[in-house]
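Chemist: heads up, no residue letters with this:
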């Protein structure tokens, strides 16, 4: 049977994180659902012949930017949900400060339907691209700072030096990719969006790189 409190590494009994996770899952689910509302079905009045497949295909093609924006946003929110759960697997208990950092993360997620819709409507506008990128940056920082707070308040379970270092590298690499896309957007908005695809490979690359760097820096007798 589950308990409403969990022992922290310091031995103090604190409320568990189950309620925070349940709230977060619900908010993420709603945000993902709202994303699809930016996709509009072409009105029959816009077609000279509503039975024409070619005319319908043409109208659907005009909404391609919205579809691309939806796919990107859905994938990004899914990635953040996975990272969020990875972070909370390390946290054994909660304090009010942890809840507020989690709310900061949820704030960025609830903004995603708006910034995604803006990106779809103004896909060639660098400001729209950057607003979405800043949304990504806020979510990334809020997630990482939630974990930092947990560690400083002794709410996390013991983790290896490799896992800690890998988490720092993942966060730094993600921030770098997003900041890079913000600058690239003013040169080529399409290239800026492709930069976000790098977020998919950041975790595996960071894990490998951190593992190698720790192996190289370790004393010869400990390798």
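Modeler: Everything's here; your move. Given the structure is predicted, the values throughout are model-derived calculations rather than measurements.
Chemist: Share the number of residues neighbouring the closest residue to residue 144 other than its chain neighbours, please.
Modeler: Once flanking residues are discounted, residue 144 sits nearest to residue 171: 4.2 Å by C-beta to C-beta, 6 or more residues apart in numbering. Bear in mind the C-beta positions are built from the backbone N, C-alpha and C, glycine included. For residue 171, the tally of surrounding residues (other C-beta atoms under 10 Å) stands at 20.
Chemist: where's residue 171 relative to residue 18, distance?
Modeler: 25 Å (C-beta to C-beta, to the nearest Å).
Chemist: Ok, residue 200 next?
Modeler: The gap separating residue 200 from residue 18 is 29 Å, by C-beta to C-beta.
Chemist: Next: residue 168.
Modeler: 27 Å.
Chemist: Name the residues of stretch 33-50 that are buried.
Modeler: Across stretch 33-50, burial judged by 16 or more other C-beta atoms under 10 Å covers 34, 35, 38, 42.
Chemist: tell me the least confident of the residues you listed?
Modeler: Within the buried residues of stretch 33-50, the minimum per-residue pLDDT falls on residue 42 (71).
Chemist: you'd agree that residue is up against residue 57?
Modeler: No - using C-beta atoms under 8 Å, residue 42 makes no contact with residue 57, being 9.8 Å away.
Chemist: Find the centremost residue of the protein, please.
Modeler: residue 80 (2.9 Å; C-alpha atoms, centre = their mean).
Chemist: lowest confidence element among the helices and strands of the protein?
Modeler: strand 5-7 (a mean of 57; mean pLDDT, DSSP states H and E).
Chemist: Under a three-state scheme, what state does the residue nearest to residue 62 when sequence neighbours are not counted occupy?
Modeler: The shortest distance from residue 62 to any non-neighbouring residue, by C-beta to C-beta, 6+ apart, is to residue 42 (7.8 Å). Three-state call for residue 42 (DSSP: H, G, I helix; E, B strand; the rest coil): coil.
Chemist: From residue 93, how far out is residue 42?
Modeler: For residue 42, the distance to residue 93 - C-beta to C-beta - is 52 Å.
Chemist: Next: residue 139.
Modeler: 24 Å.
Chemist: Looking at those two, which has the bigger crowd around it?
Modeler: Neighbour count, other C-beta under 10 Å: between residue 139 and residue 93, residue 139 has more, with 26 against 22.
Chemist: Can you give me the end-to-end span of stretch 174-193?
Modeler: One end of stretch 174-193 sits 14 Å from the other (C-alpha to C-alpha, to the nearest Å).
Chemist: Give the buried residues for it.
Modeler: 174, 175, 177, 178, 180, 181, 182, 184, 185, 189, 192, 193.
Chemist: I'd guessed the fourth one sits against residue 133; true?
Modeler: Yes - under the criterion of C-beta under 8 Å, residue 178 is in contact with residue 133, at a separation of 5.4 Å.
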